[in-house]
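Chemist: Give the three-dimensional model of this entry:
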Amino acid sequence: MRESILAEDTILEKLNQQADIHSLLAEAIKMINHSVNQLIIKVFRKEPHAIKFVIPSLIGKNGPLNDTSVCLKLLYALGIITREEYEDIELLIAILDELDHDDKKYSYLDDEILGPISLLHDMVLPPNWDSHHQKAKESGIVDTLKSSIYQNRYQQMIRSALIIAITDLTVRIINKQNINYFP
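Modeler: Numbers count the residues shown, from 1 in each chain. Just a heads-up that it's a prediction; the model follows:
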């Protein structure tokens, strides 16, 4: 239990240090990849022959399990990770891949970000800022400064919700390493 809390704190700290959506997702995928690699090693049988000859050829530099997507498929097929975990990790990888190939600097409020992250199973988006902003604007209450403050607040809420969702996903993968798959 203590290790789980320590891991969660470490993940939260690393994610909170990231300045933008791209660096946050890059750090998240780096941590998830590490967790998946550790889990895939844990899943394999721990007998001397397997450790010496079989496992290195599977997970080594040229091995078929050197790719996170392949590892995820194997872990899902073996029933070690859930469908939701599998889909969420694949979605995060896809979003990061899109950001890597796009020169535009996105914010958390951009539709290209909000749309995909809203599909994460653990993602709880705050009430839509745009509709609240539009109602306030129609009533003549919101000026430019207040609008900017509300927008920044909403962006921070989305960032926080995303960090919590990624942290929860990563901790669940880490905790699966405590299961003895071959007693």
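Chemist: Which parts of the protein are helices?
Modeler: Counting by DSSP state H, the chain has helices at residues 2-16, 21-43, 48-49, 55-59, 68-77, 83-100, 111-117, 129-138, 144-175.
Chemist: And those: which comes nearest residue 181?
Modeler: helix 21-43 (5.3 Å; CB to CB). In this view, the C-beta of every residue, glycine as well, is placed from N, C-alpha and C.
Chemist: Just send the helices of the chain back as CSV, with mean pLDDT and mean neighbour count too.
Modeler: Converted to CSV, the helices of the chain look like this (pLDDT from 0 to 100; neighbours: other CB atoms under 10 Å):
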stretch, mean pLDDT, mean neighbour count
helix 2-16, 86, 14
helix 21-43, 93, 19
helix 48-49, 77, 8
helix 55-59, 80, 15
helix 68-77, 92, 17
helix 83-100, 96, 17
helix 111-117, 92, 15
helix 129-138, 57, 13
helix 144-175, 89, 17
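Chemist: and of those, who's closest to residue 123?
Modeler: Closest of these to residue 123 is helix 144-175, at 4.6 Å (criterion: CB to CB).
Chemist: Now tabulate the helices of the chain in CSV and tack on distance to residue 123.
Modeler: Converted to CSV, the helices of the chain look like this (distance: least, CB to CB, whole Å):
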stretch, distance to residue 123
helix 2-16, 14
helix 21-43, 13
helix 48-49, 44
helix 55-59, 31
helix 68-77, 19
helix 83-100, 9
helix 111-117, 6
helix 129-138, 16
helix 144-175, 5
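Chemist: So which residue is smack in the middle of the protein?
Modeler: Centrality entry for the chain: nearest residue to the mean C-alpha point is residue 166, 3.9 Å, by CA atoms, centre = their mean.
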